[in-house]
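Student: sequence and predicted structure, then a few things I'm wondering about:
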Amino acid sequence: MTYRGEMTEPLGARIRRLRAERGWTQRELAEPGYDRGFLAKVETGSRPPSEEMLAYLARRLGLTVDDLRFGRPPGVADELRASLDEGYRDLEQGRVALAEERFALAGKQAADYRLGDVECYARFCLAEVKWQLFDVSGAQKALEHASERADAAPPWLRAMIVHRWSGCRYLSGDAGTAIARVEEALASPELDPDAELCLLSALIHPLMEMGGLHRAQRAALSGVRLTRVATRPDFVARFHRQASQVWQATGQSARAEQDLIEACRLFASVGFDRDAARCRWARGYLLRRLGRLDEARAELTSARDQLAAIGAEEGVAGATLELAEVRLRQGAPAEAASLVSEVWPLLARDVESLGEATGLLGQVAQSRDDLPEATRLLREAAEIQTRASLHGAAVSTSLRLGDVLRQRGHLDEAIQAYQRGLDSAAGTDS
């Protein structure tokens, strides 16, 4: 989508061009509010128009004042938003380079036309490119760049910027800051149902991983009420995906699976292939927890392949680690270790996945009766998880570490590991 070079056109020349395009004389445009001579000086640039005259001329030309002032073609804001929406679908379907090019062009045009809300949206979309490529620090910087235009943005977009920014902080091992930022945004009086639902969705996973089950449950129950009035299907779908974690933790497995199926359906209905594949990843995790390992393997393999096809590296890492856990449980430790190795270069960007992968390799070593190596890896995993305040994961890892140490006859160290697990459990509210 391209436009003529009106953005650099002097205001007077723009008025003259628009008048000529309509076949009007200077007198026909100027009268009855102003005389022809004054308009002639405005058109040549020798006299700037007052705000009152600018409003009068805009009205006569059938434009808004800002459309006239900044040389905006009629409908350009809607066209740019539609272009960004289309680019976002390109991104969700793996056409990353095309999407990034579209976002950059729309952002430049929005800046030239002084369309602050559209420019903010374009900057957010560019941050989504970084997110898709698992460039966590790059995504956070791009989101902060988008925040500079957030005052002009609609509530849903401001909420989504906070959602993603908090996700970056969480992946960087700063879950406390991630949660605090979302809770601060939830206190805003300007929220609409879509924005509130978006923010509640952002809270659930960090709260769950920090052991805040009761707080996560409150967020989920509030979100259920909002799904009845929210207007964005992608926000409703994202909430269903996150809320499924709460239903799993509270023994409502059937409800959790139904939420994931509905989320996948909604994402697919708007062409969001990346997010639909992430729902399959989440369902694979649930199936693994339920002991339905063959189904879990099939779902996770499909999710991983779909995410790889569209270049969603964060999703590839997560689905692959979950698949490795399934294969370990199915008695294939060598394949589990190989799967972890495939995504190891990605894991430094995500503290949660790094801790999970390290602990998983510890389990592989334990299955091979290499207890010293299992001890080393499980200790390292527990350290990662404790530093990141991932209390639930740290409890499980510490208990497994204690069992390995007890198996080796290191009873004092085993007791210390169990105590560490108890200390981590004390950091939860479940």
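Tutor: Yep, that arrived.
Student: what is the least confident helix or strand in this protein?
Tutor: Taking mean pLDDT, DSSP states H and E as the measure, helix 65-70 is the helix or strand of the chain with the lowest mean score, a mean of 81.
Student: give me the contacts around it.
Tutor: Here helix 65-70 makes contact (C-beta atoms under 8 Å, 6 or more residues apart in numbering) with 7, 11, 14-15, 18, 51, 54-55, 57-58, 61, 72, 74, 112-114. Any C-beta I mention is one placed from the backbone N, CA and C, and that applies to glycine too.
Student: domain ranges for this protein?
Tutor: With automatic domain parsing as the criterion, the domains of the chain are listed as 6-73, 369-430.
Student: among those domains, show the one with the smallest mean pLDDT.
Tutor: The stretch with the lowest mean pLDDT among the domains of the chain is domain 6-73, at a mean of 85.
Student: just the buried residues of the least confident helix or strand of the chain, please?
Tutor: Buried residues in helix 65-70, defined by neighbour count with 16 or more other C-beta atoms under 10 Å: 67-70.
Student: please save the CA atoms from that helix in CSV.
Tutor: As requested, the backbone C-alpha atoms of helix 65-70 are provided in CSV (Å, rounded to 0.1, in the frame of the first residue of the first chain):
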residue,chain,number,x,y,z
VAL,A,65,-8.6,19.4,10.4
ASP,A,66,-5.8,16.9,11.0
ASP,A,67,-6.4,15.2,7.6
LEU,A,68,-5.9,18.6,6.0
ARG,A,69,-3.0,19.6,8.3
PHE,A,70,-1.0,16.4,7.8
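Student: just say which of the domains of the chain is most tucked in.
Tutor: Mean neighbour count (mean count of other C-beta atoms under 10 Å) peaks for domain 369-430 among those, with a mean of 19.
Student: skipping adjacent residues, who's closest to A276 in space?
Tutor: Nearest residue to A276 in three dimensions, chain neighbours excluded: F267, at 4.1 Å (C-beta to C-beta, 6 or more residues apart in numbering).
Student: please name the residues that touch the one you found.
Tutor: F267 is in contact with 234, 237, 273, 275-276, 279, counting by C-beta under 8 Å, 6+ apart.
Student: return the member of those nearest to V224.
Tutor: The closest of those to V224 turns out to be A237 (C-beta to C-beta; 13.8 Å).
Student: what's the burial count for the closest one?
Tutor: Residues contacting A237 under the criterion other C-beta atoms under 10 Å number 27.
Student: for it, which three-state class applies?
Tutor: Using DSSP: H, G, I helix; E, B strand; the rest coil, the structure places A237 in helix.
Student: roughly how far apart are it and S269?
Tutor: Going from A237 to S269 by C-beta to C-beta, to the nearest Å gives 9 Å.
Student: out of the contacts of F267, which sit inside helices?
Tutor: In this view, the contacts of F267 that belong to helices under DSSP state H are 234, 237, 273, 275-276, 279.
Student: so how far is stretch 91-102 from its chain's centroid?
Tutor: Remark: stretch 91-102 is offset 15 Å from the chain centroid, using C-alpha atoms, centre = their mean, to the nearest Å.
Student: ends of it, how far apart?
Tutor: 10 Å (C-alpha to C-alpha, to the nearest Å).
Student: name the nearest residue to R114, ignoring sequence neighbours.
Tutor: In space, not counting the residues next to it along the chain, R114 is nearest to F70; the distance is 4.8 Å by C-beta to C-beta, 6+ apart.
Student: same question for L186.
Tutor: Counting by C-beta to C-beta, 6+ apart, L186 lies nearest to L199, which is 5.0 Å off, once chain neighbours are set aside.
Student: could you dump the buried residues of helix 65-70 to TSV with distance to G138?
Tutor: Converted to TSV, these look like this (distance: C-beta to C-beta, whole Å):
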residue	distance to G138
D67	35
L68	38
R69	35
F70	31
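Student: V42: which of those residues is nearest?
Tutor: Comparing every one of these with V42 (C-beta to C-beta), the shortest separation belongs to L68, at 11.7 Å.
Student: going along the chain, name the helices of the stretch 251-400 of the chain.
Tutor: Along the stretch 251-400 of the chain, counting by DSSP state H, counting those that start in this stretch, helices occupy 253-269, 273-289, 293-309, 313-329, 333-347, 351-367, 371-387, 391-407.
Student: taking the mean pLDDT, what do you get for the helix or strand hosting the residue nearest to L186?
Tutor: Following DSSP states H and E, one finds L199 within helix 193-209. pLDDT averaged over helix 193-209 equals 96, rounded to a whole number.
Student: that one: which residues count as buried?
Tutor: 193-209.
Student: what's the answer for stretch 218-228, then?
Tutor: Within stretch 218-228, the residues that count as buried by 16+ other C-beta under 10 Å are 219-220, 223, 226-227.
Student: so which of those sit within helices?
Tutor: For the buried residues of stretch 218-228, membership in helices holds for 219-220, 223, 226, with DSSP H as the criterion.
Student: contacts only, for the closest residue in space to T177 that isn't next to it in sequence.
Tutor: Closest residue to T177 in three dimensions, ignoring its sequence neighbours and counting by C-beta to C-beta, 6+ apart: R169, at 4.9 Å. When the contact criterion is C-beta under 8 Å, 6+ apart, the partners of R169 are 140, 175, 177-178, 181.
Student: for R169, pull up the helix or strand it's in.
Tutor: Per DSSP H and E: R169 is located in helix 155-171.
Student: grab the CA positions of that helix and hand them over as CSV.
Tutor: Extracted as CSV, the C-alpha positions of helix 155-171 are listed here (Å, rounded to 0.1, in the frame of the first residue of the first chain):
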residue,chain,number,x,y,z
PRO,A,155,-7.4,0.1,25.8
TRP,A,156,-7.0,-3.3,24.2
LEU,A,157,-3.6,-2.4,22.6
ARG,A,158,-2.3,-0.8,25.8
ALA,A,159,-3.3,-4.0,27.6
MET,A,160,-1.6,-6.2,25.0
ILE,A,161,1.6,-4.2,25.3
VAL,A,162,1.6,-4.8,29.1
HIS,A,163,0.7,-8.5,28.5
ARG,A,164,3.7,-9.1,26.3
TRP,A,165,6.1,-6.9,28.3
SER,A,166,5.3,-8.8,31.5
GLY,A,167,5.9,-12.0,29.5
CYS,A,168,9.3,-10.8,28.6
ARG,A,169,10.1,-10.1,32.2
TYR,A,170,8.8,-13.5,33.3
LEU,A,171,10.9,-15.3,30.7
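Student: now do the contacts for the closest residue to A382 other than its chain neighbours.
Tutor: Of all residues not flanking A382 in the chain, T397 sits nearest, at 4.5 Å (C-beta to C-beta, 6+ apart). With contact taken as C-beta under 8 Å, 6+ apart, T397 is in contact with 355, 359, 362, 378, 381-382, 385, 421.
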